[in-house]
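S.K.: attaching a predicted model along with its sequence, questions to come.
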Amino acid sequence: MNTQIKNWFSSGRPYVWLNAGAVTVSAIMVIGLLLLIAVRGLEHFWPADIAVFDYYAEPDAEKVSYMGEYIDRDTVTRARAGNIKYEGDEFTRYLLKIGNRDVYGLDFAWVIGAGIKNESYPEDATIIERREWGNLHGFIKSVTVNGQTIESGDIWQTFQETVEASNKIHEEIRHIEKDLIGAINYKMERLRLQERRLEIKGNKTPEELADLESKRAELQSEYNVYTEQLAKLYKEFNEPFFVAVLAGGKEKTVNFSIVVRAFRPNAMSVFDKIGFYFEKLWEFLSDEPREANTEGGIFPAIFGTVLMVIIMSILVTPFGVVAAVYLREYASQGPFTRLVRIAVNNLAGVPSVVYGVFGLGFFVYFLGGSIDQLFFKASLPAPTFGTPGLLWASLTLAILTVPVVIVATEEGLSRVPRAIREGSLAVGATKAETMWRTVLPMTAPAMITGLILAVARAAGEVAPLMLVGVVKLAPSLPLDANAPFLHLDRKFMHLGFHIYDVGFQSPNVEAARPLVYATALLLVLLIIVLNLTAIRIRNNLREKYRAAEQN
Amino acid sequence: MQQNKTNTLEVDETGEEAVNDNIDSTPTHAINLGNIVDSSGERVTLADEKIAIEVSDFNLFYGDKQALKSINMTIPEKKVTAFIGPSGCGKSTLLRCFNRMNDLIDSVSVNGQIKIDDRDIFDKTINVAELRRRVGMVFQKPNPFPKSIYENVAYGLRIQGVNDRRTLDAVVEKSLKGAALWDEVKDRLDDLAMGLSGGQQQRLVIARAIAIEPEIILLDEPASALDPISTLKIEELIYELKEKFTIVIVTHNMQQAARVSDYTAYMYLGELVEFNDTSTLFTNPNEKMTEDYITGRYG
C-alpha cells in the first residue's frame, strides 16, 4: 500500500493532476464570470410578459392592483418577511417592475406570493417607454390627435403611428437644437473669444468690431430662423396625447412627446420578441443614456473609451519605444541604466489612483493651466485645458502604461540576433539606419505585445480617470463636425466609470442593476476585440520574423 | 615563437617602406619583398601583388587581455587570402578589424595601423559606414534580413538612398547572378529570404555584400554551417569573385584554405606565425608550428 502511494508520487502523476486542476479552476472561474455577466446583462433586454393582478399585503388589507413584469424571486423566513398574517414559515417574494414611477413613487416592488390574487395576462396590456418617469404600464383608452379623439376601433394602430410621427419630430428637433444651433453657439463662442483677444491686445479697431458685429448679426438671424422652426415643431410635437387606464382603474393623460416606444409583450409571438430584443440591444449600443443613465444606451461611453484608448496608444507607443531603444541600444549599461530600469519596472506597480493624482496636479493644473495662460487667455477664467479632459486622461493612462511598453520593447530588442545587426552594419548602414530598417521592424511584434498589455490595462482603468477627465454624462462627444473636429479638451464618458456610476450612484438601484452587468459585459467584449485585433497583427508579424530570430 | 615573429615583422616592415615610397607615384603599386621571404628557394609571388590592406604593428585588446599581438601583413588585391589557425587564435578578430566590426564591442581597444587605400581606417576622420560599404563582410551563419529576397539584395543600395526601381532591378539581378543564385530564385524574388536553404541563404548574403560593389569582401568561415554540396558551391563562387574583389577568408578547414586561397596566413595565440602563398605554406612551411598544425600534430 505504502509503496503504491510512493510509486504514484514518484511517477509525477499527482503534479500533473495538480496542474490540470489549477488550470481547470482558473478556466471555470473565468468562464463563470463571463457567463454570469452575460446572462444577467443580456436578459435585461428581453420583453417579459406583464401580469395584471390584485395584491393583498395582508389577508385583510385593502386591495391594490398592480401591473408589471416579474424580475426576480426569493424565499424568506417569516421573521424577514416582517411577521405577516399569512400562514406558513417561509414566503416566496417576487420582485416586480411595476413602472408608473409618477404614480407609485418607485417603479419596482417586492410582493409576497401569497397575496397575489386574480392574476391574468391580458393581450392589450401595454408598456410605454417614456423619456421621463420611466415606463408606463397600462391599457390605452383613447388617443387624441389633431383635436380628434379616437376611443374605439384600431386604437393601437393609431397609437403606434402617432408614436412614430412624434419620434420623427423629436429627431428633427434634436437635430436642430443639437447640431444646427449647437454649431451656431460654437461659432458665437469663437466670436466672443475673438473679441476678447482683441480686447486683451488692446487694439480694438472699429473696423474689426464692426466685422465681428456683422458676423454676429448673421449668426443671430440664422438662429432666429431656427427658433421659429423649433416653435412650430414644438407646437406640433406637444399637441397629441393619449389617456391610459392603469391597473386599478386610475386614468392618466400623457403627451406623445415623451413617448419613446410602446409594446404589448403579452400579444407578441416569440419571433416578435426576438426582433424586439435586438432592437433594444441596438438601442443600448447606439443611443444616448436617459433617466440618469438607467435607460437608453451607452454609446457615448463606448465611444469615449475607444477614443481614449486610441489616443493613449498613439501617445504611449512612440514614447515607450524610444525610451526602450535608448535604454537597450544607446545608453551604456552601467549601474545608472540598471537603476533606471528598476525604476521603470516599479512604475508599473504604482497604484493607478496615484497616477490620477499626478495627472490632476501636473497635467491638468500645471500644464493645462500654463497652456490656458499662453494660448487660451481669451476664454479665461473659464479653463480650456486647465480642467480635466480627454487629452489629460489619455496622457495619464499613457504614463501609467508606458513601463509595460518599455519592458516589452526591450525584451524584443534583446531578441533581435546580433547577426542581423552585424549584417546590416556590414553593408554600410549606420547604427541608426540599422535600427530603423531592420531592428525596429523585427521588434514590432514585441511592441505590439506591450501595446496589448497597455490597452488591456488602460481600457479597464477607472480610478485615475475620475480625477482627470471622465464624467457621468458628457453633453457632447469629443469628436464632432465643428473644427477642429477632435476636441481633446472635452470631458468624456467611459464604460468603466459608467459601471461605477450606474451601480453605485444611481437613484434607481433595481433599474440600474442589469445595466451594470450589460455594461460590464460590453467593456469586457470591447477589450477582447481590441486585444484580438492587436494579437492578430502581432501574429502575422511574428510569423514573418520567426525564422530570422532562430539564427 | 619569437623568431617567427621577427621573421614576419621583417617582411612587413620592408613592405611598409616600399608602400611609403610609392604613395605619391601610383595608387596601386607593386612592392618587392620576394628576396626576404624566400627561405625555401622558391619564388614568392606575394611581393609582386598590389596591396589592398596593409596592417602594421597592430595590437588589439579585449579589456586587459591582448588578442592580437603586433600583427604586420599586407593583403594582396584581387586575390584570395585565407587565415587559418586554431580556435581563439585571433583570425576572426583580425578579419573583423578590417571593417571595424569590433567597434561594436565596448571593451575593445586597438593600437597600430590598418591601411586601406593608404588611409588608416582607425583615423578619426574615417566614416565607418563608408568603410563598411567598401569592405563587405559575410558571416559564419547566413544572416539574411527578414525581408524578401529582392529587398535583402537591395538593402545596401536603399541605405545609400537609391530607390529607383530600374536601377535596383538591374543591381539585384547582377548581384544574384554574381552570387550564382539567380537561376534558383529569379521566379520568387518577393518571397521571404528565410524560405531559402542554408546554402542559398549564404549565397544571398554574398549577393547582398557584392550588390554595393565593395573593394574587399571579408568571409568569416562562410561555409562552416553548410553541407558539403553548398560548401562546394560557395568555394566555386569565391573562385569567381576574386576576379573582381579582394577576398579575405577565415576558415577552420585547411583543405578549404588550400583549395580556394592564393595566400594563407597561419595564426596562433594572437600572433601571425607565417604568411605565404598557399602552396608554399602547405607544402613547405617555414615554421615548425605551421607544419605541426597543417599536418594535424598541433599541440
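M.R.: Structure's in. What do you need?

S.K.: what is the helix or strand hosting A:Arg216 packed up against?
M.R.: Using DSSP states H and E, the element containing A:Arg216 is helix A:206-238. Where contact means 3 or more Cβ pairs under 8 Å, 6 or more residues apart in numbering or on different chains; DSSP states H and E, helix A:206-238 is packed against helix A:155-174, helix A:181-201. For every residue, glycine as well, the C-beta is placed using N, CA and C.

S.K.: now these as CSV including mean pLDDT?
M.R.: What follows is the helices and strands packed on helix A:206-238, written out as CSV (pLDDT from 0 to 100):
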stretch, mean pLDDT
helix A:155-174, 87
helix A:181-201, 82
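
S.K.: ok so, going back, partners of the next helix or strand after the helix holding A:Arg216 in the sheet?
M.R.: Following helix A:206-238 in sequence order, the next helix or strand is strand A:241-245 (DSSP H and E). If you go by DSSP bridges, strand A:241-245 pairs up with strand A:136-145 (antiparallel), strand A:251-255 (antiparallel).

S.K.: could you give the angle of the longest one to helix A:155-174?
M.R.: I take that to be strand A:136-145. Orientation of strand A:136-145 against helix A:155-174 (axes from the mean of the first three to the mean of the last three Cα atoms, to 10 degrees) gives an angle of 80 degrees.

S.K.: now do the strands in chain A.
M.R.: A:51-55, A:64-77, A:90-97, A:108-112, A:116-120, A:126-130, A:136-145, A:148-150, A:241-245, A:251-255, A:259-263, A:289-290, A:295-296 (DSSP state E).

S.K.: got those as CSV, with mean neighbour count and mean pLDDT columns?
M.R.: Shown next, in CSV, are the strands of chain A (neighbours: other Cβ atoms under 10 Å in any protein chain shown; pLDDT from 0 to 100):
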stretch, mean neighbour count, mean pLDDT
strand A:51-55, 19, 89
strand A:64-77, 16, 87
strand A:90-97, 18, 87
strand A:108-112, 18, 86
strand A:116-120, 12, 85
strand A:126-130, 22, 89
strand A:136-145, 21, 86
strand A:148-150, 13, 82
strand A:241-245, 20, 87
strand A:251-255, 14, 87
strand A:259-263, 19, 87
strand A:289-290, 19, 82
strand A:295-296, 20, 80
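
S.K.: in CSV, list these along with distance to A:Ser370.
M.R.: Formatted as CSV, the strands of chain A follow (distance: least, Cβ to Cβ, whole Å):
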stretch, distance to A:Ser370
strand A:51-55, 62
strand A:64-77, 53
strand A:90-97, 52
strand A:108-112, 50
strand A:116-120, 66
strand A:126-130, 47
strand A:136-145, 53
strand A:148-150, 65
strand A:241-245, 56
strand A:251-255, 51
strand A:259-263, 46
strand A:289-290, 35
strand A:295-296, 39
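
S.K.: mind checking which of these is nearest A:Ala20?
M.R.: strand A:64-77 (36.9 Å; Cβ to Cβ).

S.K.: now do the helix holding A:Arg216, average pLDDT.
M.R.: Across helix A:206-238, pLDDT averages out at 85.

S.K.: okay, angle between that helix and strand A:251-255 too, please.
M.R.: 150 degrees.

S.K.: how far off centre is helix A:206-238?
M.R.: A distance of 35 Å separates the centroid of the chain from that of helix A:206-238, by Cα atoms, centre = their mean, to the nearest Å.

S.K.: mind listing what's buried along it?
M.R.: Residues A:212, A:219, A:230, A:233, A:236-237 are the ones in helix A:206-238 that count as buried (16 or more other Cβ atoms under 10 Å in any protein chain shown).

S.K.: ok and that helix relative to helix A:181-201, angle-wise?
M.R.: Going by the same axes, to 10 degrees, helix A:206-238 makes 160 degrees with helix A:181-201.

S.K.: quick one, what contacts residue 96?
M.R.: By default, I'm working from chain A. Residues in contact with A:Leu96 (Cβ atoms under 8 Å, 6 or more residues apart in numbering or on different chains) are A:51, A:66, A:68-71, A:108-111.

S.K.: meant chain B actually
M.R.: B:102, B:137, B:218, B:220.

S.K.: coming back round to it: how about the helices and strands packed on helix A:206-238 in a markdown table, adding mean neighbour count?
M.R.: Listed next are the helices and strands packed on helix A:206-238 as a markdown table, based on neighbours: other Cβ atoms under 10 Å in any protein chain shown:
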| stretch | mean neighbour count |
| --- | --- |
| helix A:155-174 | 16 |
| helix A:181-201 | 15 |
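
S.K.: can I get those helices in CSV with distance to chain B?
M.R.: What follows is these, written out as CSV (distance: least, Cβ to the nearest Cβ, whole Å):
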stretch, distance to chain B
helix A:155-174, 53
helix A:181-201, 45
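
S.K.: in TSV, list those helices along with distance to B:Ile149.
M.R.: Formatted as TSV, the helices and strands packed on helix A:206-238 follow (distance: least, Cβ to Cβ, whole Å):
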stretch	distance to B:Ile149
helix A:155-174	59
helix A:181-201	56
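
S.K.: got the domain boundaries for chain A?
M.R.: A:51-120, A:142-263, A:303-495 (automatic domain parsing).

S.K.: wait, which of the ones you listed is closest to A:Lys6?
M.R.: domain A:303-495 (42.4 Å).

S.K.: ok now the closest one, how far from the chain's centre?
M.R.: 22 Å.

S.K.: could you work out the end-to-end span of that domain for me?
M.R.: One end of domain A:303-495 to the other measures 9 Å (Cα to Cα, to the nearest Å).

S.K.: all strands of the stretch 101-250 of chain B, in order?
M.R.: B:108-116, B:119-120, B:135-138, B:216-220, B:246-250 (DSSP state E, counting those that start in this stretch).

S.K.: you'd agree A:Asp501 is up against A:Val471?
M.R.: No. Contact criterion Cβ atoms under 8 Å: A:Asp501 and A:Val471 do not qualify, at 9.2 Å.

S.K.: what does chain A have sitting close to chain B?
M.R.: A:332, A:417, A:419-430, A:433, A:437-438, A:441-442, A:544-545, A:547-548, A:551 (Cβ under 8 Å from any Cβ of the partner chain).
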